[in-house]
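Engineer: Below is the sequence, then the predicted model.
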Amino acid sequence: MTAISFGDALNRTLHDCMAADDSIIIAGEDIAGGAGIEDSDVELGGVFGVTRGLAARFGTGRVLDTPITESAFVGMGLGAAATGLRPVIEVMFCDFFGVCFDQLINQAAKMRFLSNDRIQLPLVIRTTMGAGDGSGAMHSQSLHALVASVPGLRVVCPATPADAAGLLKTSIASPDPVIFMEHKGLYGLTGPLREDEDGHIVPIPLGKGRYVRRGTDLTLVATGAMVQEAEKAADILAVRGMRCEIIDPRTISPLDMEILIESVAGTGRLLVVDEGAAFAGFADAVVSKISQKAFAFLKSAPVSLTPPHTPVPYGRALEAAYLPSHEKIVECALRHFSK
Amino acid sequence: MTSKKSGGKAQPSRRRNSKPALYDATDAELKEFYEQMLLIRRFEEKSGQMYGMGLIGGFCHLYIGQEAVAVGVQSALKDGDKVITSYRAHGHMLVAGSTAKSVLAELTGRIGGCSKGKGGSMHMFDPKNGFYGGHGIVGAQVSLGTGLGFANKYRKTDNVSVTYFGDGAANQGQVYESFNMAELWKLPVIFIIENNQYAMGTSVLRSSSEVELYKRGESFKIPGEQVDGMNVLAVRAAMDKAVEHCRSGKGPYILEMKTYRYRGHSMSDPAKYRTKEEVQKMKSERDCIDQIKELILDRGFMSEDDLKAIDKAVKAEVAEAATFAQESPEPPMSELYTDVLA
């Protein structure tokens, strides 16, 4: 099994899916990026290269560079999806959801409900999230919980190349709008790809979490780039005698409550690490749900570890102070859960 | 001429002619226009009445006065063409082919409604008949309609997307984002601006720096025309031209329909921003149904009595729909959880 990067896993999935189904089109800012210009074979493939090679292979009729107008190109994708096309729309940073929020929370999220199921919206919005690269307050946010709070949207946050590929494949096949959030810090992460005997990417169902590792003393819940931090922290905590179980929900909405309850039933302790909002974010949601649904299993109060309730700062030291890290997880776990 | 490189010449927009082009309707077509406009009028009168009785909740935007637009536009379309509009959607639903029963039962929030009572007045869909809603946010449907046009083109059909919006939405940013993409990619979208002269309670004169809304596509090189939206034959004639333009792959087209709503923006609008005389003048001098009635009588293929019989039949249809809309049960509580996700 060959290792592949997170970004290349996504690229490979887009290639495979587009080759198999010509109702798939992709659109976004600079996703072809030069391809299609006469006498130019330059192809940017998006600012992170995820759509590289698609325009050359499938043509600029299926791979569209859009004007910088998120409202209208997300809306256009929605309209096309309502007729049965399967657009994969790239919104370069989830911070730009502010521009097209109406299309996401009012049009995409509600059309199935309001049309009494007669209109399906097989639409994927690919976007990036996460801090750590000095992109500043408006290109670094983690807004997964914000969109997950709206019924009618599925929200996915993959943490590994295999999950990125498998979840994207399922998202493209889904008849519902899916917000697919790629952490910028993960594009270079390498790992194996899960393929079947014929070399096809194995799809991963939405709404199913995974055990990253099993343990008995503490349930660590983490998504996206925080999964790696949780793993590093668990290694250190193991030396200190605390065996952590790590759950990666993979899908933020709908959330796999079963795996969370199952884990907490075993460990009795919960620490949620998340890069999103300190207030009314994903960590708060998990703590609240577990407190309500698995209170009897809890041996101590559940804890969340998030950035402070501030905008993402730019400077290196400040940004590092802002982000949860494996050191902070270790410190937090020992402080709250040492026997 | 149509080069996209800089220096390309913008297509000239056309003002409304003093003598507008009128569609040469057959007697049968005239009768159908009359019936359809009357159905919308009677339907909306009944909706207003039922709203007053507390049978319809929330917002309810009536189409009375504007009937010629939806009827004339729809008559120029063929199978596979797609239509999308704002929250003033009852009339468009009816002419797209939805039954009065299913629309009125949606207004009363009953299971017999087109969306099982989960959508309501502003959110109605009939995709089988090419109608993609009924949208509650001003201007949001314009980019969706652009997507409907994109899908038509991508599938290599000659179908068009008719994207309606009002003079209020004409000031929303994404309308222009959509204009840009539609012309850039030559999408078959007919943008219909229903200029009823008031964006809620604010007149076009008080809200718009350029009040000739058909000119709004000029900087995108989209041809535009102003049309007498109170005359169904003028609407149809303009549509034929726009449809031909779109079907032949020349890209989008803008039609500004100068029209007028007789009722308030919604049922809760006291309409203090205009005079009773202004409304009365439109009703008595420009009414779209009266104009066609006169034409029919002039041609002489139907009598006053024939027209009264049509009115009677339409009223009966609406009365039957009203009964249905009140007798159809409320949706079961389980409906709360259906259709959210697949």
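Structural biologist: Yep, that arrived.

Engineer: so what's residue 143 closest to, chain neighbours aside?
Structural biologist: No chain in the question, so chain A it is. Among residues not flanking residue A:143 along the chain, residue A:94 sits closest, at 4.7 Å (Cβ to Cβ, 6 or more residues apart in numbering or on different chains). Any C-beta I mention is one placed from the backbone N, CA and C, and that applies to glycine too.

Engineer: Please refer instead to chain B.
Structural biologist: Using Cβ to Cβ, 6+ apart, the closest residue to residue B:143 is residue A:75 (2.7 Å).

Engineer: sorry, back to before: surely the residue nearest to residue A:143 meets residue A:128?
Structural biologist: Yes. Residue A:94 sits in contact with residue A:128 when judged by Cβ atoms under 8 Å, with a separation of 6.5 Å.

Engineer: Please say which of the two ends up with more neighbours.
Structural biologist: residue A:128 (26 against 23; other Cβ atoms under 10 Å in any protein chain shown).

Engineer: so how far is the strand or helix carrying that one off the chain centroid?
Structural biologist: Using DSSP states H and E, residue A:128 sits within strand A:124-129. With Cα atoms, centre = their mean, to the nearest Å as the basis, strand A:124-129 stands 8 Å off its chain's centre.

Engineer: Let me see the contact set for residue A:325.
Structural biologist: Residues in contact with residue A:325 (Cβ atoms under 8 Å, 6 or more residues apart in numbering or on different chains) are residue A:229.

Engineer: mind checking the end-to-end distance for stretch A:316-334?
Structural biologist: 27 Å (Cα to Cα, to the nearest Å).

Engineer: ugh, wrong one, stretch B:226-240
Structural biologist: Counting by Cα to Cα, you get 14 Å between the two ends of stretch B:226-240.

Engineer: Could you check how many residues crowd around the closest residue to chain A within the stretch 51-200 of chain B?
Structural biologist: As assessed by Cβ to the nearest Cβ, chain A sits closest to residue B:147 within the stretch 51-200 of chain B, at 2.2 Å. Counted with other Cβ under 10 Å, the neighbours of residue B:147 add up to 35.

Engineer: name the element it belongs to?
Structural biologist: Under the criterion of DSSP H and E, residue B:147 resides in helix B:140-154.

Engineer: average model confidence for that helix?
Structural biologist: The pLDDT scores in helix B:140-154 average 98.

Engineer: could you point out which element follows that helix?
Structural biologist: Remark: after helix B:140-154, the chain's next helix or strand is strand B:161-166, criterion DSSP H and E.

Engineer: That following strand: partners in the sheet, and parallel or antiparallel?
Structural biologist: Each strand that pairs with strand B:161-166, with its direction, by DSSP bridges: strand B:82-85 (parallel), strand B:189-195 (parallel).

Engineer: JSON lines please, covering those and showing mean pLDDT and mean neighbour count.
Structural biologist: Shown next, in JSON lines, are those (pLDDT from 0 to 100; neighbours: other Cβ atoms under 10 Å in any protein chain shown):
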{"stretch": "strand B:82-85", "mean pLDDT": "98", "mean neighbour count": "28"}
{"stretch": "strand B:189-195", "mean pLDDT": "98", "mean neighbour count": "29"}
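
Engineer: wait, which of those is closest to residue A:147?
Structural biologist: Closest approach to residue A:147 among the strands paired with strand B:161-166 (Cβ to Cβ): strand B:82-85, 23.9 Å.

Engineer: got the contact list for that closest one?
Structural biologist: Outside strand B:82-85, the residues that touch it by Cβ under 8 Å, 6+ apart are A:79, A:83, B:73-74, B:77, B:92, B:96, B:130-135, B:141, B:144-145, B:148-149, B:152, B:159-165.

Engineer: where exactly do the strands run in chain A?
Structural biologist: A:3-5, A:24-28, A:63-65, A:86-91, A:124-129, A:154-156, A:178-183, A:190-192, A:210-213, A:218-222, A:244-248, A:251-253, A:270-273, A:303-305 (DSSP state E).

Engineer: Would you reformat those as a markdown table and include mean pLDDT and distance to residue A:325?
Structural biologist: Shown next, in a markdown table, are these (pLDDT from 0 to 100; distance: least, Cβ to Cβ, whole Å):
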| stretch | mean pLDDT | distance to residue A:325 |
| --- | --- | --- |
| strand A:3-5 | 95 | 22 |
| strand A:24-28 | 97 | 31 |
| strand A:63-65 | 94 | 37 |
| strand A:86-91 | 98 | 27 |
| strand A:124-129 | 98 | 17 |
| strand A:154-156 | 98 | 24 |
| strand A:178-183 | 98 | 14 |
| strand A:190-192 | 97 | 21 |
| strand A:210-213 | 98 | 17 |
| strand A:218-222 | 98 | 12 |
| strand A:244-248 | 98 | 15 |
| strand A:251-253 | 98 | 21 |
| strand A:270-273 | 98 | 9 |
| strand A:303-305 | 98 | 9 |
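
Engineer: Tell me the residues of the stretch 151-300 of chain B that contact chain A?
Structural biologist: Within the stretch 151-300 of chain B, the positions near chain A by Cβ under 8 Å from any Cβ of the partner chain are B:151, B:152, B:154, B:161, B:173, B:174, B:177, B:178, B:180, B:181, B:184, B:185.

Engineer: hmm, try it at 10 Å
Structural biologist: With Cβ under 10 Å from any Cβ of the partner chain as the criterion, the stretch 151-300 of chain B meets chain A at residues B:151-155, B:159, B:161, B:163, B:172-182, B:184-185, B:187, B:189.

Engineer: Now do the contacts for the residue in the stretch 1-150 of chain A positioned nearest to chain B.
Structural biologist: Nearest residue of the stretch 1-150 of chain A to chain B (Cβ to the nearest Cβ) works out as residue A:79 at 2.2 Å. Contacts for residue A:79 (Cβ atoms under 10 Å, 6 or more residues apart in numbering or on different chains) come out as A:85, A:87, A:103, A:107, A:121, A:123, B:82, B:84, B:132, B:141-151, B:161, B:163, B:178, B:189.

Engineer: What of residue B:279?
Structural biologist: Listed by Cβ under 10 Å, 6+ apart, the contact set of residue B:279 reads B:65, B:260, B:261, B:262, B:263, B:271.

Engineer: I figured residue B:225 hits residue B:235, correct?
Structural biologist: No. Between residue B:225 and residue B:235 there is no contact under Cβ atoms under 10 Å: 11.1 Å.

Engineer: how far away is residue B:47 from residue A:277?
Structural biologist: 43 Å (Cβ to Cβ, to the nearest Å).

Engineer: Sketch out the low-pLDDT regions of chain B for me.
Structural biologist: B:1-19 (pLDDT under 70).

Engineer: what about the helices in it?
Structural biologist: B:27-52, B:67-75, B:90-96, B:100-107, B:140-154, B:173-184, B:204-207, B:232-247, B:276-286, B:288-299, B:304-327 (DSSP state H).

Engineer: pretty sure residue B:28 contacts residue B:301?
Structural biologist: Yes. Judged on Cβ under 10 Å, residue B:28 makes contact with residue B:301 at a distance of 9.1 Å.

Engineer: quick one: which of these two has more around it?
Structural biologist: Shown here are residue B:28 and residue B:301; by other Cβ under 10 Å, residue B:301 has more neighbours (13 against 9).

Engineer: ok, the closest residue to residue B:138 other than its chain neighbours - contacts?
Structural biologist: Nearest residue to residue B:138, sequence neighbours excluded (Cβ to Cβ, 6+ apart): residue B:169, at 4.8 Å. Shown in contact with residue B:169 (Cβ under 10 Å, 6+ apart): B:86, B:137, B:138, B:139, B:140, B:141, B:142, B:175, B:193, B:194, B:199.

Engineer: Specify the residue ranges that define each domain of chain A.
Structural biologist: A:3-192, A:210-337 (automatic domain parsing).

Engineer: Pick the most buried one from those.
Structural biologist: domain A:3-192 (a mean of 22; mean count of other Cβ atoms under 10 Å in any protein chain shown).
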